[in-house]
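Undergrad: Give me a 3D structure for the following:
(2 chains)
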Amino acid sequence: MNQTIVVERTSVGAVAVLKPRGDIDMARAPFVRQAITLVVRDRPPKLVIDLSEVAYMDSSGIATLVEALQVSLRNKITLVLVGINPRVQSAFEITKLVGMFTVKASLAEAMAN
Amino acid sequence: MTPEPDISIRIFSEPQLLASIRSLIDTLATGLGFFEKNRCLMSLAIDEALSNVIRHGYEGRRDGMIWIHIWRVAEPRGLRFVIEDLARKVDPAKIKGRHLADVRPGGLGVHIIKETMNEATWEARPDGGMRLTLVKRLTDEERQAIESASQGNASQ
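TA: Now for the predicted structure:
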């Protein structure tokens, strides 16, 4: 059984974009955390996490994003989430943490200043 | 006497098995008439319960046993889950969701379980380990949707 998750990393100008592909649960959240840590080391001005290929996220995934937000704030990186589907949105809503994040509907919107 | 469960599964405490359990619950809940949002939240709550057993009960060990028993319940219709393990015992009084104003990773699982399920009861098993009983019932809206669909079928 595949425990890993592909986290695609691209850059658009100075903006770093991470796109995990697959469920983010207890087994896979550490891989996403590792990818975020590597991007943050490069100190991009903005980090966009594209969740459009994430069908499911549990509290491990949400905790990973909370950590990403905290480390981004410390490093003066603007963190933007994009492409949250309704199922993932439900998980965010129940934890009442969605308001902490900057969330945009599309990648183009997330890229805009 | 409690009737036999409709489904009983024993899994090892391996995180990669959780996706299969989520699929099973989603399929079962679809058949009972739960709306997508509630199916998703119920799968999430069970996933969180199992993750907690793996992370805190078995402390990440992958060879622990977890039993999942599922009953379809009537009046009001829904699902009842009993999750049992042989992991370290936890005082049920100490199982609390953290305050959400305390923004930090972790500790969200119990909050999700309590918010999602109609009933959530943790208890120590007499033979060792813990037992978590969870119940999720259809909402009024879901029941009405089922009634409307069955009236529509009857009139055809």
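Undergrad: Can you tell me the element the spatially most central residue of chain B falls in?
TA: For chain B, the residue nearest the mean C-alpha position is B:I46 (3.4 Å; C-alpha atoms, centre = their mean). Secondary structure assigned from DSSP states H and E places B:I46 in helix B:36-52.
Undergrad: May I ask you to confirm that B:M130 is in contact with B:K94?
TA: No: between B:M130 and B:K94 there is no contact under C-beta atoms under 8 Å: 11.8 Å. Heads up, the C-betas are built off the backbone N, CA and C, glycines and all.
Undergrad: More neighbours: those two, which one.
TA: B:M130 (22 against 7; other C-beta atoms under 10 Å in any protein chain shown).
Undergrad: Contacts only, for the closest residue to the more buried one other than its chain neighbours.
TA: The shortest distance from B:M130 to any non-neighbouring residue, by C-beta to C-beta, 6 or more residues apart in numbering or on different chains, is to B:D85 (5.7 Å). For B:D85, the contact set (C-beta atoms under 8 Å, 6 or more residues apart in numbering or on different chains) comprises B:13, B:53, B:57-58, B:64-67, B:129-130.
Undergrad: What subset of these is buried?
TA: Buried residues within those, defined by neighbour count using 16 or more other C-beta atoms under 10 Å in any protein chain shown: B:13, B:53, B:57-58, B:64, B:66-67, B:129-130.
Undergrad: What parts of chain B come near chain A?
TA: Proximity of chain B to chain A (C-beta under 8 Å from any C-beta of the partner chain) is limited to residues B:15-19, B:22, B:36-37, B:40-41, B:43-44, B:47-48, B:51, B:54-55, B:100, B:103-106, B:108-109, B:111-112, B:115-116.
Undergrad: Give me the buried subset of these.
TA: Using 16+ other C-beta under 10 Å, the buried ones in the residues of chain B next to chain A are B:15-19, B:22, B:40-41, B:43-44, B:47-48, B:51, B:54-55, B:105, B:108-109, B:111-112, B:116.
Undergrad: Let me see the ranges of the helices in chain B.
TA: Counting by DSSP state H, chain B has helices at residues B:18-32, B:36-52, B:109-116, B:140-155.
Undergrad: would CSV of these with mean pLDDT be doable?
TA: Putting the helices of chain B into CSV (pLDDT from 0 to 100) gives the following:
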stretch, mean pLDDT
helix B:18-32, 96
helix B:36-52, 96
helix B:109-116, 93
helix B:140-155, 88
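Undergrad: For A:P30, which of these is the nearest?
TA: helix B:36-52 (12.9 Å; C-beta to C-beta).
Undergrad: at contact distance from chain B, anything in stretch A:86-99?
TA: Yes: between stretch A:86-99 and chain B, judged by C-beta under 8 Å from any C-beta, the touching residues are A:86-87, A:90-91, A:94-97.
Undergrad: Buried residues in that stretch, which are they?
TA: Buried residues in stretch A:86-99 (16+ other C-beta under 10 Å): A:87-92, A:94-95, A:97-98.
Undergrad: So, low pLDDT: which residues of chain A?
TA: Chain A contains residues with pLDDT under 70 at A:1-3, A:113.
Undergrad: for the helix or strand containing A:P30, packing partners?
TA: Using DSSP H and E, A:P30 maps to helix A:29-41. Packing partners of helix A:29-41 (3 or more C-beta pairs under 8 Å, 6 or more residues apart in numbering or on different chains; DSSP states H and E): strand A:6-12, strand A:15-21, strand A:46-50, helix A:59-74.
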